[in-house]
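> model the structure of this input:
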Amino acid sequence: MGDVVNLNQFRKKRERAEKAQKRAANRARSGRSKAEKRVTQAEGTRGDAALDGKRLDHDADEPEGSGKRGPKGD
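Residues are numbered from 1 along each chain as shown. As a prediction, this is how the structure comes out:
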């Protein structure tokens, strides 16, 4: 005869495997986790703030007709 098998353990193991497969499919469909989305958003915000801090605003200092326009005066 074969080994004695606990049917409850076998059933639970099978159900866990099915749930794991379903979770993997949902992760692939949904994309990134909420934490990953937050990290990306924080990096973008931090980068924008860094660029804004380094922006040079000389437009108010320059007089009219300073040659910023094209050769035809557009």
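
> where does pLDDT dip in the chain?
Along the chain, segments meeting pLDDT under 70 span 1, 58-74.

> tell me, what residue is most central in it?
Lys37 (3.8 Å; Cα atoms, centre = their mean).

> okay, and that residue sits in which element?
Assigned by DSSP states H and E, Lys37 belongs to helix 34-54.

> for Gln9, same thing?
Gln9 belongs to helix 7-30, assigned by DSSP H and E.

> who touches that helix?
If you take Cβ atoms under 8 Å, 6 or more residues apart in numbering as the criterion, helix 7-30 is touched by Ser33. Quick note: C-beta positions are derived from backbone N, CA and C, even for glycine.

> likewise for stretch 39-51?
With Cβ under 8 Å, 6+ apart as the test, stretch 39-51 has contacts from Arg32.

> run the last query once more with 10 Å
Residues outside stretch 39-51 that contact it (Cβ atoms under 10 Å, 6 or more residues apart in numbering): 32-33.

> quick revisit: chain center to the helix holding Lys37, what's the gap?
Distance of helix 34-54 from the chain centroid (Cα atoms, centre = their mean, to the nearest Å) equals 11 Å.

> and stretch 25-39, by the same measure?
Counting by Cα atoms, centre = their mean, stretch 25-39 comes out at 8 Å from the chain centroid.

> equivalent analysis for stretch 10-19, please.
32 Å.

> and that stretch, C-alpha only, in CSV?
As requested, the backbone C-alpha atoms of stretch 10-19 are provided in CSV (Å, rounded to 0.1, in the frame of the first residue of the first chain):
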residue,chain,number,x,y,z
PHE,A,10,-3.6,18.2,0.2
ARG,A,11,-6.7,20.3,-0.4
LYS,A,12,-5.2,23.3,1.4
LYS,A,13,-1.9,23.0,-0.4
ARG,A,14,-3.7,22.9,-3.8
GLU,A,15,-5.9,25.9,-2.9
ARG,A,16,-2.8,27.9,-1.8
ALA,A,17,-1.1,27.1,-5.1
GLU,A,18,-4.2,28.3,-7.0
LYS,A,19,-4.4,31.5,-5.0
